[in-house]
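J.: with the input below, show me the fold.
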Amino acid sequence: QVQLVESGGGLVQAGGSLGLSCKASGPAFGAYAMGWFRQAPGKEREFVATIGATIGFSGSSAYYADSVKGRFTISRDNAKNTVYLQMNSLKPEDTAVYYCAAKWGLADHNYDSYNYWGQGTQVTVSS
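T.: Here you go, the predicted model:
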């Protein structure tokens, strides 16, 4: 069983930066692919970024939604059981609740593939 707790959300002006963290509890964090998803009011949950497992798999490749590519960076620190999302050049359309998720193995953009979810953290970007 993996439990995930996000932190770092808040209010920021357009063009600013914000960093999110997601700390996992449970064994074998390195064997899990980690993903960030977001959900804006009235919209479906959408993929943001994912990074693959580093233990038992070929490598921790990272993938991004086209809407955030070049602005967001996902990374992980297995020693701290934590995955990060650094968000730069934020836009009002990035406003959403951001969720951290975990699944065994390979990185995946499909939220149905993820078994464990955090409670979410609000990110609000003002214009």
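
J.: low pLDDT regions in this structure?
T.: Low-confidence segments of the chain (pLDDT under 70): 56-59.

J.: please enumerate the strands of the protein.
T.: Counting by DSSP state E, one finds strands in the chain at the ranges 3-7, 10-13, 18-25, 32-39, 46-51, 62-64, 72-77, 82-87, 96-104, 116-117, 121-126.

J.: between these, which one is nearest to residue 110?
T.: strand 46-51 (7.4 Å; C-beta to C-beta). Where you see a C-beta, it was placed from the backbone N, CA and C, and this is true even at glycine.

J.: measure the residue sitting nearest the centre point of the chain to residue 127 for me?
T.: Most central in the chain under C-alpha atoms, centre = their mean is residue 36, positioned 2.3 Å from the mean C-alpha point. Separation of residue 36 from residue 127 (C-beta to C-beta, to the nearest Å): 23 Å.

J.: repeat for residue 41
T.: Counting by C-beta to C-beta, the separation of residue 41 from residue 127 is 16 Å.

J.: same check, this time on residue 89
T.: According to C-beta to C-beta, residue 89 and residue 127 sit 14 Å apart.

J.: quick one, which of those two is more surrounded?
T.: More crowded of residue 89 and residue 127, by other C-beta atoms under 10 Å: residue 89, with 13 against 9.

J.: residue contacts, residue 80?
T.: residue 23 (C-beta atoms under 8 Å, 6 or more residues apart in numbering).

J.: list the buried residues in stretch 41-55.
T.: For stretch 41-55, burial by neighbour count (16 or more other C-beta atoms under 10 Å) applies to 45, 47-54.
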